[in-house]
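Student: kindly generate the corresponding structure for this input.
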Amino acid sequence: MRTQLYSASKLVALAVAALATLFLVACGQSQRPTSAPATAESKAVSTEKVFVEFRGPWAFVPDPKDANSLLAIAPKAKSHRDLYVQASNQSTLVSGVYDLSLPAHTGTAAATADPGIAQAKIAAQSLQRALDNKSARYVIRLPKPEEYVVAARSRSRLGATYPPDASTEKAYATAVSLRYNVSSLNEFSLAGAPDSGAFNPLLLQVETPMIRFVIEPAQDDDPKDKCDTHSRESFHHLAMLLGLTLYVDFPDNPADCQSKDPQSARPAKAEAGESSPLDRLVALLAGNLVEVQAASAAGGENPVSDPRLLTRRGDGRSMADYLAAAMYFFGKPGGDCKAPVIILTPTP
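Tutor: Predicted coordinates:
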């Protein structure tokens, strides 16, 4: 009798153990579907933010031939240095049309932009004329961004009459970054068709999340002038390229700046023989002391006869040596363009 009871209890214990095992297996299987999607989701959101920044006299407009693309367009003028693109590596670009390719990216295109970015309308024919104006413009084609981010601001006035009314004054964007969510920092490249010569596709090394397209002034404004002449001229070149009736003015400039503004109908002509400090520097570095002497005569300076301008404290080294060293160490002019960046809306 005891043997039968023992056998029955043993069978019950085995049955309980079997049921417990089945329960644990079932629980483990029920938990797996919830953990698998979480892993997939974490991989899906593994993205990098990259900013493509534009500095200089730029305008953005939807690509008339591709609804998913954006065009950045800027004038090529003698008052500017050549456009250059910069990541961890960089390259100078001549006038032409270029395509910036990005790795796989997610997110929807921005429907609106920061109100600090100037807005304007452009006729379709005017846009096409600007795009066809070879040797006078740069065009960068790239995907529409997820966001327009203001990278720099400056107070100015902007309007369709000159001078623009004071009511239009605000801190307009003078540099803009386009933000993208990309799958990696690899596979950024620039290709395109320059207006002259050939261009080998450039693989951009993006080690920090920034690519910059920069147009710098060929020379800085005269600090004594205080008229932001370069910024006025830059915006004028942009407006003329695009066929826009728009003008810019700067409230912190002296009132007489308007009389010599390149945007105005009759800007005052520079006085004969007037030369900027940089013109004198270039002439001096080139060894053309006669030109320097002629340019400086009005100011009572004679760089040929005045040893203070040719040597420094009797060390025998010429001023040209010091200026050349300064140009080497300090590089390009650092003046930022204060001309507003524009987002354009095409009209029929």
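Student: buried sites along stretch 238-245?
Tutor: Using 16 or more other CB atoms under 10 Å as the test for burial, stretch 238-245 gives 238, 239, 241, 242, 244. To be clear about C-beta, it is placed using only N, CA and C from the backbone, and glycine gets the same treatment.
Student: please enumerate the strands of the stretch 101-250 of the chain.
Tutor: With strands called from DSSP state E, counting those that start in this stretch, the stretch 101-250 of the chain shows them at 105-106, 118-123, 137-143, 147-159, 170-182, 188-194, 202-204, 210-214, 247-249.
Student: residue 52 touches residue 176, doesn't it?
Tutor: No: in this structure, residue 52 is not within contact of residue 176 by CB atoms under 8 Å, at 9.3 Å.
Student: where do the contact lists of these two overlap?
Tutor: By CB atoms under 8 Å, 6 or more residues apart in numbering, residue 52 and residue 176 have no common neighbours.
Student: ranking the strands of the stretch 101-250 of the chain by burial, who's on top?
Tutor: Greatest average neighbour count among those goes to strand 247-249 (a mean of 24), per mean count of other CB atoms under 10 Å.
Student: run a quick neighbour tally on residue 108.
Tutor: Neighbours of residue 108 under the rule other CB atoms under 10 Å: 7.
Student: pull the contacting residues for it.
Tutor: Residues near residue 108 by CB under 8 Å, 6+ apart: residue 146.
Student: gap between it and residue 214?
Tutor: Distance from residue 108 to residue 214, counting by CB to CB, to the nearest Å: 28 Å.
Student: of all the strands of the stretch 101-250 of the chain, which lies closest to residue 59?
Tutor: Nearest of the strands of the stretch 101-250 of the chain to residue 59, taken as CB to CB: strand 118-123 at 8.0 Å.
Student: quick one, that closest one and strand 147-159 angle?
Tutor: 80 degrees (axes from the mean of the first three to the mean of the last three CA atoms, to 10 degrees).
Student: for strand 118-123, name the packing helices and strands.
Tutor: Applying 3 or more CB pairs under 8 Å, 6 or more residues apart in numbering; DSSP states H and E, one finds that strand 118-123 makes contact with strand 342-347.
Student: can you give the strand pairings for the strand it packs on, parallel or anti for each?
Tutor: Paired neighbours of strand 342-347 in the sheet (DSSP bridges): strand 59-62 (parallel), strand 118-123 (parallel).
Student: indicate which one of the ones you listed is closest to residue 135.
Tutor: Closest among the strands paired with strand 342-347, using CB to CB: strand 59-62, at 18.2 Å.
Student: where does pLDDT dip in the stretch 201-348 of the chain?
Tutor: Counting by pLDDT under 70, the stretch 201-348 of the chain contains low-confidence ranges at 265-336.
Student: re the thing from before, and the buried residues of stretch 238-245 as a markdown table, adding distance to residue 231?
Tutor: Putting those into a markdown table (distance: CB to CB, whole Å) gives the following:
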| residue | distance to residue 231 |
| --- | --- |
| 238 | 11 |
| 239 | 13 |
| 241 | 16 |
| 242 | 17 |
| 244 | 16 |
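Student: out of those, flag the one nearest to residue 258.
Tutor: Nearest to residue 258 among those: residue 239, at 16.3 Å, using CB to CB.
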